[in-house]
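Chemist: need the 3D shape of this:
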Amino acid sequence: MRTLFVVCIVILFLSNAFAQDQIKQHVYSLSGAIYYASSTSTSDTYESDGSTYYFMPSVSYFIIDQCELSLSIGYIHSVSNSSSSLYNLSSSEFKSTSLDLGVGIRYYFPVGNIAPFLGMSGGTGWTSSQGQSYSTPQTNFRVTGGLEIFISPAAAIEPTMNYDSYHYYEQTSSHGIQVGIGIKYFIL
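Modeler: Below you'll find the model as predicted:
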């Protein structure tokens, strides 16, 4: 397996790689991504299942070839069901909605009709739980990896994997991994 990995890396760097017109300096793009996350927590006295849906449109600009700056808006909806045998509580449902604003940077490694990328972003967000008013801002940080798969001269499909870190108040934080797919439209 290690030998196959090394061979793939060597071929990637020795292949006739070329930059796509879509990822060159002064190109704008509009994109959107949908993510789904599911979690389960169990202990001797507590059980919780949750699901989260993310919708994140963004606009970006290539400041130099293969390097993109982006601005994003995120909408996140979460639902979790929990029960506790310690307190003899029946199942309860918890809903929350979050709005995020973020800025990010990505660097692309073009090879033919695909371009693997690595990126990071950060932002701030507000959460409303159980229909209450929105909270004080929380911060978030994301590391992203994925592929741009060019399906036309002006469009790409974008499968991604993200590592997220959210910090809510002074002592509360959460971390997680997400897998998603997006689409990007390039304005050449």
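Chemist: next SSE downstream of the helix or strand harbouring F94?
Modeler: F94 is part of strand 89-108 when elements are defined by DSSP states H and E. The first helix or strand that comes after strand 89-108 along the chain, using DSSP H and E, is strand 114-129.
Chemist: what's the mean pLDDT across that following strand?
Modeler: Per-region confidence: strand 114-129 scores 92 on mean pLDDT.
Chemist: contacts made by the helix or strand just after it with the rest, please.
Modeler: Of the helices and strands lying after strand 114-129 in sequence (DSSP H and E), the nearest is strand 138-152. Strand 138-152 has contacts (Cβ atoms under 8 Å, 6 or more residues apart in numbering) with 20, 22-23, 100, 102, 104, 106, 108, 113-127, 156-169, 184. The C-beta positions use only the backbone N, C-alpha and C, and glycine is treated the same way.
Chemist: what about 6 Å?
Modeler: Outside strand 138-152, the residues that touch it by Cβ atoms under 6 Å, 6 or more residues apart in numbering are 113-125, 156-168.
Chemist: bridging residues for E68?
Modeler: F62, R106 (DSSP bridges).
Chemist: that one touches F62, doesn't it?
Modeler: Yes. At 5.1 Å, E68 counts as touching F62 under the criterion of Cβ atoms under 6 Å.
Chemist: before we move on, the earlier item: and the strand holding F94, how far from the chain's centre?
Modeler: Distance of strand 89-108 from its chain centroid, counting by Cα atoms, centre = their mean, to the nearest Å, is 10 Å.
Chemist: and that strand, what does it pack against?
Modeler: strand 67-84, strand 114-129 (3 or more Cβ pairs under 6 Å, 6 or more residues apart in numbering; DSSP states H and E).
Chemist: report the inter-axis angle for the last one versus strand 67-84.
Modeler: When axes from the mean of the first three to the mean of the last three Cα atoms, to 10 degrees is applied, the directions of strand 114-129 and strand 67-84 differ by 50 degrees.
Chemist: which helix or which strand is home to the one residue sitting closest to the centre of the chain?
Modeler: In the chain, the centroid-proximal residue (Cα atoms, centre = their mean) is N162; its distance is 4.9 Å. Per DSSP H and E: N162 is located in strand 155-168.
Chemist: quick check: angle from the next helix-or-strand element following that strand to strand 138-152?
Modeler: The helix or strand immediately downstream of strand 155-168 is strand 172-187, counting by DSSP H and E. If you take the same axes, to 10 degrees, strand 172-187 sits at 30 degrees to strand 138-152.
Chemist: no further questions, thank you.
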